[in-house]
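# my questions concern the predicted model and sequence given below.
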Amino acid sequence: MRPSLLWTACLLAAVTSLPITAAEKRDADEEAWVAARDAGATAGFKAYLKEFPKGRHAAAARVKLAILSDASGAQPAASNAATTAPAKSAVSKATAVTRPHLPFELSDDVWNAIEKSDLVRATYPRKTVEIAYTDVTDSDFAKLHVQTNQVVNKRIVPLPDAQGYQEVEQRQEISWTNSNGGRGAPQATSSRNYFLGGILDLGAVNAEGGAIGRLSKVHEIQGSLYPLHVGAEISLRYDYEYVQNHDYNSSVATKCRIIAKVAASTLSPQLPGDAWQLSCQTTTVMNGKTNEAASDKQYIVGDWGVTYHQLGILDLTKKTMVVPDGRYQYKFMTSMHTIDGYRITARD
């Protein structure tokens, strides 16, 4: 369980300070309006007008503000001018926060840190994504040729009781045969991981519902990736406890920034819409040892609100994630992996 990657702010505190193209500006305008409209709060419409005083939806935002002000007895906004309160403060007050029901306990300190963040207040796509494939591994062991079949089914499901939280359930059935006529009966295993915004790993349980690991402390949650736009950033620092083996307890610091938008079909023909490329730097301290990693090969599939990491498999030879198309092969040390029938489906 390592940080996957993804998600963030409800309104528009995360407007990039870097130069952006006219097309990206239009995208940011539209995404900001959708976030403000869905939140339906005065602070959200004010935040929209602050960043886009002449935006495509500025007139509609002022109408919404007038209606909300009239209903509350407050004075409506008189002009295009932004409110004096900073956009980040508006974000923090715009959306009510609901804690999800999880199969393990998190401390109040952890929940309080999460609930103060922009990450928890983002507006996310709510898609259920299902993945199915068979991983056939051929290898030689003790003068025998062994073939292992692993049938994998994975579901990424938005939790129904709280916005932005996901359950990632993976079920697998493993069997094997060898050249001496030996055969192993199918063995089924499963696990469930829980994420906020696809990037903050809250914890995991095994098939029996026992906790494998969980978030034990949050030091920092800063910034946001949603609304998706080039330049959006997020920074996380937290501790993770492995319940079954404390030797794996770790402290993680990760920073991610959206650096480009590409057609998702360039990653895999099975993926729709746009994908947003991330540049991430992660430092992990485990058992006194520090590991630093940097990557610009992570993506958010915007139409689904899931990461490329969640969708794909790890090619151990290239040390990178891939989304196979049908049949995919790679050799790792003395074994040959064949990924057959890789299929992704999504539904509301």
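Arrived safely.

# any idea where the strands of the stretch 151-300 of the chain begin and end?
Ranges of strands in the stretch 151-300 of the chain, per DSSP state E, counting those that start in this stretch, are 165-178, 183-196, 200-206, 211-224, 233-242, 250-263, 274-286, 289-301.

# can you say which of those strands is packed in most?
By mean neighbour count, with neighbours taken as mean count of other Cβ atoms under 10 Å, strand 200-206 ranks first of the strands of the stretch 151-300 of the chain at a mean of 21. Placement of C-beta: from N, CA and C, glycine included.

# what's in contact with it?
Contact with strand 200-206 is made by 1-4, 7, 102-104, 106, 114, 119, 165, 190-196, 211-215, 221, 236, 238, 240, as judged by Cβ atoms under 8 Å, 6 or more residues apart in numbering.

# which segments of this structure make up each domain?
Domain segmentation of the chain under automatic domain parsing yields 10-95, 103-347.

# hang on, V252 packs against R237?
Yes. Contact criterion Cβ atoms under 8 Å: V252 and R237 qualify, at 7.1 Å.

# what's downstream of the helix or strand of the chain with the lowest mean pLDDT, the next helix or strand?
Across the helices and strands of the chain, mean confidence by mean pLDDT, DSSP states H and E is lowest for helix 87-94: a mean of 40. For helix 87-94, the following helix or strand on the C-terminal side (DSSP states H and E) is helix 108-115.

# which helices and strands does the next helix or strand after that next one pack with?
As assigned by DSSP H and E, the chain's next helix or strand after helix 108-115 is strand 128-141. On a contact count with 3 or more Cβ pairs under 8 Å, 6 or more residues apart in numbering; DSSP states H and E, strand 128-141 meets strand 144-158, helix 308-311, strand 335-347.

# ok, what's across the strand from the closest residue to G203 other than its chain neighbours?
Nearest residue to G203 in three dimensions, chain neighbours excluded: R214, at 3.4 Å (Cβ to Cβ, 6 or more residues apart in numbering). Legend: beta-bridge partners of R214 under DSSP bridges are G203, E241.

# now do the contacts for R214.
Going by Cβ under 8 Å, 6+ apart, R214 touches F104, E105, L106, L202, G203, A204, Y240, E241, V243.

# please report the distance of it from G182.
Distance, R214 to G182, by Cβ to Cβ, to the nearest Å: 39 Å.

# so where's this structure shaky on pLDDT?
Residues of the chain that meet the criterion pLDDT under 70 lie in 1-27, 38, 63, 67-96.

# how much space between the spatially most central residue of it and K127?
The centre of the chain sits closest to G198, judged by Cα atoms, centre = their mean, with a distance of 2.0 Å. When Cβ to Cβ is applied, the distance between G198 and K127 equals 12 Å.

# pull up the overlap in contacts between the two.
Common contacts of G198 and K127 (Cβ under 8 Å, 6+ apart): G305, V306.

# ok, and Q329, which helix or strand is that part of?
strand 326-332.
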